[in-house]
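In: Need coordinates for the below:
(chains A and B)
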Amino acid sequence: MDARRVSQVVPKVRQVGFVTHSDPNPPPQASRTQSVPIESNSGTPYDSPDFSPVMIPPPRHHSENLSHLRSAAVAVPESSSRRPMWDDRVAVVGSYNPGNSLLGQPVSPNSSEVNSEASTTLGWFGRNSSGKFSAGSSFPGGGFDLTTVKMENFTQLEGKKPEAVPGKGGGGGVEVNNRESSSNTLKAKTTKAERRETQEAQRAAKAAGKAQGNKPVAAAGGAGPSNILRQPSQNRDDPAVGSTIAGSDRRGGDRPPERERKKDVPPPRMQFDDQGRVNKSKKRAVFNQPEAKNRVELFRHLPQYEHGSQLTDLESKFLELDSMHPAVYKVGVQYLAGDVTGGNARCIAMLRAFQEVINDYSTPPGKTLVRDLTAKISSYVSFLIECRPLSMSMGNAIRFQKSRIAKLPLTLSETEAKAALCNDIDRFINEKIILADKVIVRHAATKVRDGDVLLTYGSSCVVEMILLYAHELGKQFRVVVVDSRPKHEGQALLRRLLAKGLSCTYTHINAVSYIMHEVTRVFLGASSVLSNGTTYSRVGTACVAMVAHAFRVPVLICCEAYKFHERVQLDSICSNELGDSNDIARVPGRPDVNSMDNRTNEKNLQFLNLMYDATPSEYVSMIITDYGMIPPTSVPVIVREYRREYLLI
Amino acid sequence: MWHRSASFILDKNQNDTVYPADSVTLTPPPPSSISTPQNPNPNLNRNMSMSAYYQTRAAHHGVVTSDWLAQSQEAATRAVVTGGQEIVDGGKSGRAFSVIDEFNNWRKQPDLAEAVAAIRALAAVIRNSEAKTMMELEIELKKASDSLKSWDTTSISLTAGCDLFMRYVTRTSALEYEDFNSARSRLIERAEKFGEISYKARKIIAMLSQDFIFDGCTILVHGFSRVVMEVLKMAAQNKKLFRVLCTEGRPDRSGLRLANELAKLDVPVKLLIDSAVAYTMDEVDMVFVGADGVVESGGIINMMGTYQIALVAHSMNKPVYVAAESYKFARLYPLDQKDMGPALRPIDFGVPIPSKVEVETSARDYTPPQYLTLLFTDLGVLTPSVVSDELIQLYL
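Out: Have a look, this model is predicted:
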């Protein structure tokens, strides 16, 4: 209902629940966003006839005609209506205003003057169109190149008089339409000191790289975030870039300093159909991965390697990799060999390895811990990516880790800093994974009733915990474990469930439509949940969820909140992982059906072994997370409200 | 007895509680016996003939007969008069004050929402408490609200009201005020104001929904809801020309009352039996329903029959609007109809039912969010998915 957010002539204050309006001094609740009653100190707003506290939506027949006006209005008056909150020093997390995050530096609280100016929308527009801030008003109709030019004007002005905040709203509006111009602005806007700092960071990173031999230092780009902005050309047709930047926009309101925000933006994902980039990255690679000869056409942008030889190759390089920490190396080998699988296990293994890295770390002379350690971790991360593409949850954990390093107070001694970082990792594992699982299990158990038949697909550790917990509670239920080739992960789950005395049915995904009619609940795990509610999970999950939806069986996704990601994905093509094609070509122990065995290199045959798929949100009835049971539409709310807290932990 | 609905019988029942002598019949289970809403004992529920929440609703919204009016008035006045007496009598477990009695007193006022009554009762707890610190008070309140909630697990707005107030109390720390007493008086003040807030919420909702009622439209209404009544009343006052189809709202036949009141406002009303909804849906432009509770998914829990109306409306592409105050938002997430604690209500079929025949006595159903178009709340006009957003902001 954008009518609620748009065309707010009156600064609209949303008030959830328990609020009186005639309150002279609202209680300074330490809560976030709009639930805080920020009320002008006038009397009850409802009493005066012309002042409605809640937006009355415009009549429907008008709304179509006004749509263009509306879109113009979104960017501009929104920020003005929010500004009073900053004065109140309330943490604003509301992320409806895309303009705030990218352009907005922490707004100085001298904006009272701005308030008076912005009090009426009309005057606001007039100001915009008349004067120097033509960038904002040119946006609704203006072409892109035009805005780019004007943006530069605008930023210069901005630099001169920082109190001219109103322009920012307009700038933000442009930014929505034209990312490249905004990145220009961003670059232009960094102050001298900041530029010097990023330069220094790059220099430090480079030096660290040299010190370590010819290792890929900033392969993942984490150390030199400005790289991202310098190379807009590689961004083309990369959906991930757009969405991730948009994601950091959305995180909005809390406006950390710009430098940190740039660090938050993850580097663009490597597109493996970009030959130049692939060659470049091959030069940096720790070990060589032979590319598959018959790559699946639609998935050329994903890494497709010959499987089998990598492990031995990596093992043979062990002694050459002297800069690699043994713990990281071990985890990498485990990833590659498939010994550590499952989102949580992989994430914990990685974090534990980083913990050892930090423990063994000592700052080289002439360097600072913050810079050098970040660079080091980045190089380890790129090694791990080579072993196996990161899951989104691991990406979140790395982001957390880096932000913790960046936020270390400079006054700490090295040992203190190391202890603090190790402690942070411990807390992350405890609070975001272990405790979160416990909470999820508690929540989910309330949805298991006597006589239920629960279906699960593959092997999710949370779902397993739920089933065991419900069994411990003495609930009488039956479990259907649905499994699929080639991994047969369900068999391990089945064995563990049977050991605890649960009554189980085991079937393959081919039979899911047959078995579904007797099922009452479907519990599924997830690798990550994206902000449009799409669940990214083991391949086959979407199929199970779809069948369950068709049979009107509720589908419950169990997923820790640290796996939520602000990206939006509509299909499972643009981001996925490809497994070994031999796995599907060959059935072990059945020579009679292995006619495909030695034909993996045949020219007109392509094997596609996808690892993940995307389940659309309409198949999902509920997502159980550590913040409770939420509908899939509320994932962005969690991402928005808790991102900050989560980075701070 | 046919024309007299079950509600009438229940009115009498209800009345009995007022007389202290008879209070045994409806004395609630002691708060110590905690039955979780997820897993209540079915036998216990069968014996307990009716959920207290629906009893009140039946009392307040049932068919208006002259004796009903007389009774409600009597109840309202007696609530004030006998208040002191009842406290003495109802002093269970040796205490001079009981939340539940207080709550029951408030509940008898026909125009008072259940949540408001709950909060008033909790305010009375604060007033009567001898706590010296905020923590003590909080613990005491927690106990009181738990006992209230467990007294009637079927009422969502009671639970939501208690939770809301507790949330407010935990957010109000004594540190922000100079001393404990000012914080305490502030809490009481808030609670007193809540009635006003709830009243205002209805006005806001009515205002918001005016833009959706256009001239010449036909509105289908199910059961009696104070908010929907307010909406229609304001539309009539704004000289909108519209027609209302009222369902009968069996078994308490609350639709009759709505039809009655609308007729008083000179709104053209047509009364339907509940099973005629699909038949008339063709000529309906929109469906307006109230809600007993709005749950986290954005769906609503409402009087029995709402779900089927929403289904029919959805299949004929008619908008379904829900009018509900934001204090009815509850952190519940039913997956299907049976996922809630049953709220039972006896049904009078007019003829004796053979003992071998089972009667479905559930009083409410759950309408999933995909069948609802918009929710009109005092927070604005929301799509169902925003409910969870608001709840997360409120409770997390």
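In: can you pull out the strands in the stretch 201-350 of chain B?
Out: Ranges of strands in the stretch 201-350 of chain B, per DSSP state E, counting those that start in this stretch, are B:217-221, B:242-247, B:269-272, B:286-289, B:293-294, B:300-303, B:320-323.
In: Let me have those strands in a markdown table, extended by mean neighbour count, mean pLDDT and distance to residue A:414.
Out: For every residue, glycine as well, the C-beta is placed using N, CA and C. Output for the strands of the stretch 201-350 of chain B, formatted as a markdown table (neighbours: other CB atoms under 10 Å in any protein chain shown; pLDDT from 0 to 100; distance: least, CB to CB, whole Å):
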| stretch | mean neighbour count | mean pLDDT | distance to residue A:414 |
| --- | --- | --- | --- |
| strand B:217-221 | 22 | 95 | 71 |
| strand B:242-247 | 22 | 94 | 74 |
| strand B:269-272 | 18 | 93 | 79 |
| strand B:286-289 | 24 | 94 | 65 |
| strand B:293-294 | 28 | 91 | 54 |
| strand B:300-303 | 28 | 92 | 58 |
| strand B:320-323 | 26 | 95 | 60 |
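In: now the helices: where do they sit in the stretch 151-300 of chain B?
Out: Ranges of helices within the stretch 151-300 of chain B are B:156-171, B:180-209, B:226-237, B:254-264, B:277-280, based on DSSP state H, counting those that start in this stretch.
In: Packing partners of the second one?
Out: Using 3 or more CB pairs under 8 Å, 6 or more residues apart in numbering or on different chains; DSSP states H and E, the elements in contact with helix B:180-209 are helix B:114-128, helix B:134-151, helix B:156-171, helix B:226-237, strand B:320-323, strand B:374-377, strand B:380-382.
In: where does the chain have low pLDDT?
Out: You didn't pick a chain, so chain A it is. A:1-198, A:200-201, A:204-270, A:284-294, A:306-309, A:311, A:318-322, A:594, A:596-601, A:644-649 (pLDDT under 70).
In: if you could check chain B rather than the one you did, that'd help
Out: In chain B (pLDDT under 70), the answer is B:1-50, B:56-97, B:110-111, B:172-178.
In: Look through it and state the residue closest to chain A.
Out: In chain B, the residue that lies nearest chain A is residue B:385 (3.6 Å; CB to the nearest CB).
In: Can you name the residues of the stretch 251-396 of chain B sitting close to chain A?
Out: By CB under 8 Å from any CB of the partner chain, the residues of the stretch 251-396 of chain B that approach chain A are B:296-298, B:326-327, B:329, B:331, B:333, B:335-336, B:339, B:369, B:374, B:378-383, B:385-386, B:388-390, B:392-394, B:396.
In: swap in the stretch 51-200 of chain B?
Out: Going by CB under 8 Å from any CB, the residues of the stretch 51-200 of chain B near chain A are B:164-165, B:167-168, B:171-172, B:176, B:186, B:190, B:193-194, B:196-197, B:200.
In: which of those count as buried?
Out: Buried subset of those (neighbour count, 16 or more other CB atoms under 10 Å in any protein chain shown): B:164-165, B:167-168, B:171-172, B:186, B:190, B:193-194, B:197, B:200.
In: Please name the residues that touch the closest residue to chain B within the stretch 451-600 of chain A.
Out: For the stretch 451-600 of chain A, the nearest residue to chain B under the criterion CB to the nearest CB is residue A:554, separated by 4.2 Å. Contact partners of residue A:554, counting by CB atoms under 8 Å, 6 or more residues apart in numbering or on different chains, are A:521-522, A:548, A:621-622, B:335-336.
In: These in strands, which ones?
Out: If you go by DSSP state E, the contacts of residue A:554 have A:521-522, A:622 in strands.
In: ok so, going back, switch the buried ones among the residues of the stretch 51-200 of chain B next to chain A over to a markdown table; also include distance to residue B:231.
Out: Conversion of those to a markdown table gives the following (distance: CB to CB, whole Å):
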| residue | distance to residue B:231 |
| --- | --- |
| B:164 | 23 |
| B:165 | 26 |
| B:167 | 28 |
| B:168 | 28 |
| B:171 | 31 |
| B:172 | 33 |
| B:186 | 33 |
| B:190 | 27 |
| B:193 | 23 |
| B:194 | 21 |
| B:197 | 18 |
| B:200 | 14 |
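In: and which of those residues is nearest residue A:334?
Out: residue B:167 (45.4 Å; CB to CB).
In: any idea how far residue B:127 is from residue A:499?
Out: 57 Å (CB to CB, to the nearest Å).
In: oh sorry, the question was meant for residue A:334
Out: 25 Å.
In: out of the two, which sits in the more crowded spot?
Out: Neighbours were counted for residue A:334 and for residue A:499 using other CB atoms under 10 Å in any protein chain shown; residue A:334 has more, 18 against 9.
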